[in-house]
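K.L.:
need a 3D model of the following:
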Amino acid sequence: MKIHLLLIAQFFTLVSFSQQKSKSELENSRVTLSGTIKDFKTSETIFGANIFIKELKLGIISNEYGFYSVTIPAGKYTITVSYSGFKTEEDSILLNYNFKRDFSLSENSRELQTVVVSTSKKQSEIKNTEMSVNKLSVQIIKQMPVVFGEVDILKSILQLPGVTNSGEGQSGFNVRGGSADQNLILLDEATVYNSSHLFGFFSVFNADAIKDLKLYKGGIPARFGGRLSSVLDIYQKDGNKEQFKVTGGIGLISSRLMAEGPLKKDKGSFLVAGRGSYGHLFLKLADNKNSAYFYDLNTKFNYTLNNKNKFFLSGYFGRDVFDLNGGFVNTFGNSFGNLRWNHLFSDKLFSNLSLIYSDYYYGLKISYLGFDWNSGIKNFNLKYDFKHYLSNATKLTYGLNAQYYNFNPGKIEPIDENSGIKTTQLDKKFAFEPALYFDVDQKLLKKLTINYGLRFSMFYRLGKQDVNVYANNLPVIFNNNFKIYEKAIPISVKKYKTNETIAKFNNLEPRLAISYAFNDNQSIKASYNRMTQYLHLISNTSSPTPLDIWSPSDNFFKPQLLDQYAIGYFRNFKTGKYSLELESFYKKTKNRIDYIDGAELITNNALEQVVLNGKGRAYGLELLVRKNTGVLSGWIAYTLSKTEQQTPGRTPQETGINDGQWYRSNYDKLHNVSATLIYKRNNKWTFGSIFTLQSGQPATFPNGQYTYQGITIPSYGARNENSLPLFHHWDVSATLTPKRSKTKKWKSEWIFSIYNLYNRNNAASINFRQNSENAKNEAVKFSIFGILPGITYNFKF
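P.N.:
Predicted structure coming up:
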């Protein structure tokens, strides 16, 4: 496998060398400038900093670990380094040989300098091949109004085009019509399987501990795989290497505290952040024995051995507890650990080796039924990634990763011997998913840049397990008399030994992105990506719940396949003060699972008996208009899209789902508008505003009724042919930063917020019932949030 990677690297090195030979004699003497971009105060590395060489009009971007490398002709150059929110650094360097130069950027408080930084960065974004990608800084996220004043990273990305969720108080998010399980959520490269606390009210990400986040909706690089719709790539802070710092916040129902500092001056640092809710304590004061709370812990340690070797150890542990008077106790949460090694082979070759463990646990104790239930998924991941800066025109990224999965669909145990419950373990499932990839970013012409890559993914469904065998290999049969689907009866059972292959798959996943820049301020871009997803989330709800079960692909659950095409126009106005992004996309999906009517998903040891394979499609237009600088900044996002699903009959006699016709998926929202504004009035007051307007969630309402043996039974039309009412709300916030004495280290701020300012009762669902008094049918709307004020006190010292 290593030999293949080296051959790939040698091939592109020869390509780069042949390009260089055709250039002028001056370029025969070439040198490499490399280094790391850091925050001056904390020594945190900066991802996405812009390094610009004036004489060559050449710009490059620092990678995820702040590293950059550029090979240029020997000579004297002016190097400008910029990043949004930081002062621009400029240096004149005489390069006669390979040279290492680190840059430290200081935070910027003056508006004029912010304009300079944004202009340089926006020009770089225009020319590169990235499209369908959004970045949000933590500083911006912290100024956005949210529920109860608790900063929420997941709620912030809902303000971007192409991103929605199932409504208020719902977990997960949907990208370009995809389901929530089709999003790959990474925290320090580790997979997060459930991204929400308290059933969707809060996210699992503590914003104080987060350094950067990036959302890929399309044009996804080949280094990512395993999900269809998007990648949310989040990195934790490394910890302050210069001095010990404490950051915290006290809110109405939750608080947080973070400590960071050097382990050894200029060598290593640590970060420990904790967060917890305490709203349930108020219930106990009122003699209410019910409770619902969460807590989580983020940790990170890093140590620089020398200029070529750096080590990181990061971790996360979080739990939610939902307790109804001790009789019903629900406990669930994520945990992970990641050990990483950054190594610099040369000033042109950077590598990162990661060993990752991820775990999601779900536990349920029901005392009055006398049993404990637990389920979950464990994931072991090895990643080895290389970034090879072959020349200014060519950058190569390649690597491998291998993941091993342990699925626990569920285990029931008696609470005591008198409960009458027998210990039952649903069949555990195991799988192995290795992959190889390469990605090439190449500037073909002055105005034309191309990125192309390929991912070769493999998947092995492993034993030990007893697998049902069905007649004609059909676990679901069609009853032609009643025109319904039913469970098939197994004709035998095939036993597989430990690590014996039950099923195997492999797929080639090409990626392509092209950018043509008309000038420094406008370009058109196009992209295509093929994605494969081998894991399925077994759920019959539109929003993920903690009880949902992950299941691997096998002979019955085929891997999901997606092809996505996108084209866009990008433009900056007034030297980057304003920017416009206009994109259109089309995506089609194969092997999207659907459920037969009356499907039982919980404690089902033969899920293949209730599942059919279908297909999906989504297409739409996205518009993003930004004001990047000034006392008033923000953006307006609009999405016009359509998302549909189809599960046709397998034979001409079968009806399929919804009579085999296309129907709106649960995530279809024709219109989605979001306006986010941030107004910095002065150094004391900052105001935030978010207005959201969306089409209602798809639903299926009764279209009639009939009476059978004195019982009124509703009848229904086509699946998801109706919609909930229009969804909209307006949220505002105000941040007060008291004047600080220059002699004191204590800094603080007050954040006042109001969620749903005009008290809109948005429908989470509509239920139909018969009125007990007048016997008339009626529709009852269920809403979660009305107007919600919030206040948070933040501090640091």
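K.L.:
what sits closest to residue 223 if chain neighbours are left out?
P.N.:
Excluding its sequence neighbours, the residue lying closest to residue 223 (C-beta to C-beta, 6 or more residues apart in numbering) is residue 437, at 5.7 Å. (C-beta placed from N, C-alpha, C; glycine too.)
K.L.:
wait, isn't the one you found in contact with residue 226?
P.N.:
No. Residue 437 lies out of contact with residue 226 (C-beta atoms under 8 Å); the separation is 11.7 Å.
K.L.:
neighbour count winner among those two?
P.N.:
More neighbours surround residue 437 than the other of residue 437 and residue 226, with 24 against 20 (other C-beta atoms under 10 Å).
K.L.:
so which strand or helix has the more buried one?
P.N.:
In this assignment (DSSP states H and E), residue 437 forms part of strand 429-443.
K.L.:
low-scoring stretches of the chain, by residue?
P.N.:
Low-confidence regions of the chain, defined by pLDDT under 70, span residues 1-28, 109-124, 169, 282-286, 541-546.
K.L.:
and the helices in it?
P.N.:
Along the chain, counting by DSSP state H, helices occupy 2-21, 111-127, 138-141, 153-157, 279-285.
K.L.:
quick check on residue 171: phi, psi?
P.N.:
phi -90, psi 160 (degrees, to the nearest 10).
K.L.:
against residue 537, how distant is it?
P.N.:
Note on residue 171: its distance to residue 537, by C-beta to C-beta, to the nearest Å, is 12 Å.
K.L.:
can you check residue 764 too?
P.N.:
Residue 764 sits 21 Å away from residue 537, taking C-beta to C-beta as the criterion.
K.L.:
same check on residue 498?
P.N.:
26 Å.
K.L.:
of these two, who's got more company?
P.N.:
Ranked by neighbour count (other C-beta under 10 Å), residue 498 and residue 537 place residue 537 first, with 17 against 9.
K.L.:
excluding its backbone neighbours, what's nearest the more buried one?
P.N.:
residue 181 (3.4 Å).
K.L.:
then residue 336?
P.N.:
Using C-beta to C-beta, 6+ apart, the nearest residue to residue 336 is residue 190, at 3.8 Å.
K.L.:
same check on residue 423?
P.N.:
Closest to residue 423 by C-beta to C-beta, 6+ apart is residue 413, at 5.1 Å.
K.L.:
tell me what the one you found is bridged to.
P.N.:
residue 372 (DSSP bridges).
K.L.:
what's around it, how many residues?
P.N.:
Neighbours of residue 413 using other C-beta under 10 Å come to 16.
K.L.:
look up how far residue 406 lies from it.
P.N.:
19 Å.
K.L.:
same question, residue 239
P.N.:
Taking C-beta to C-beta, one finds residue 239 at 32 Å from residue 406.
K.L.:
and the two? which has more neighbours close in?
P.N.:
Neighbours were counted for residue 239 and for residue 406 using other C-beta under 10 Å; residue 239 has more, 26 against 15.
K.L.:
do you know how far the more buried one is from residue 298?
P.N.:
Counting by C-beta to C-beta - residue 239 and residue 298 are separated by 11 Å.
K.L.:
starting at the chain centroid, how far to stretch 204-220?
P.N.:
7 Å (C-alpha atoms, centre = their mean, to the nearest Å).
K.L.:
end-to-end on it?
P.N.:
In stretch 204-220, first residue to last residue: 24 Å (C-alpha to C-alpha, to the nearest Å).
K.L.:
keeping just the C-alphas, turn stretch 645-659 into PDB.
P.N.:
Coordinates of each C-alpha in stretch 645-659 appear next as PDB, following Å, rounded to 0.1, in the frame of the first residue of the first chain:
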ATOM      1  CA  GLN A 645     -37.700   9.900  -3.100                       C
ATOM      2  CA  GLN A 646     -39.000   6.900  -5.100                       C
ATOM      3  CA  THR A 647     -39.300   3.200  -4.100                       C
ATOM      4  CA  PRO A 648     -40.800   1.500  -7.200                       C
ATOM      5  CA  GLY A 649     -42.000  -2.100  -7.200                       C
ATOM      6  CA  ARG A 650     -39.400  -4.800  -7.900                       C
ATOM      7  CA  THR A 651     -41.800  -6.500 -10.400                       C
ATOM      8  CA  PRO A 652     -44.600  -5.100 -12.500                       C
ATOM      9  CA  GLN A 653     -47.100  -6.700 -10.000                       C
ATOM     10  CA  GLU A 654     -45.700  -4.800  -7.000                       C
ATOM     11  CA  THR A 655     -47.000  -1.300  -6.100                       C
ATOM     12  CA  GLY A 656     -43.800  -0.100  -4.400                       C
ATOM     13  CA  ILE A 657     -44.100   2.700  -1.800                       C
ATOM     14  CA  ASN A 658     -46.600   5.500  -2.700                       C
ATOM     15  CA  ASP A 659     -47.600   3.400  -5.800                       C
END
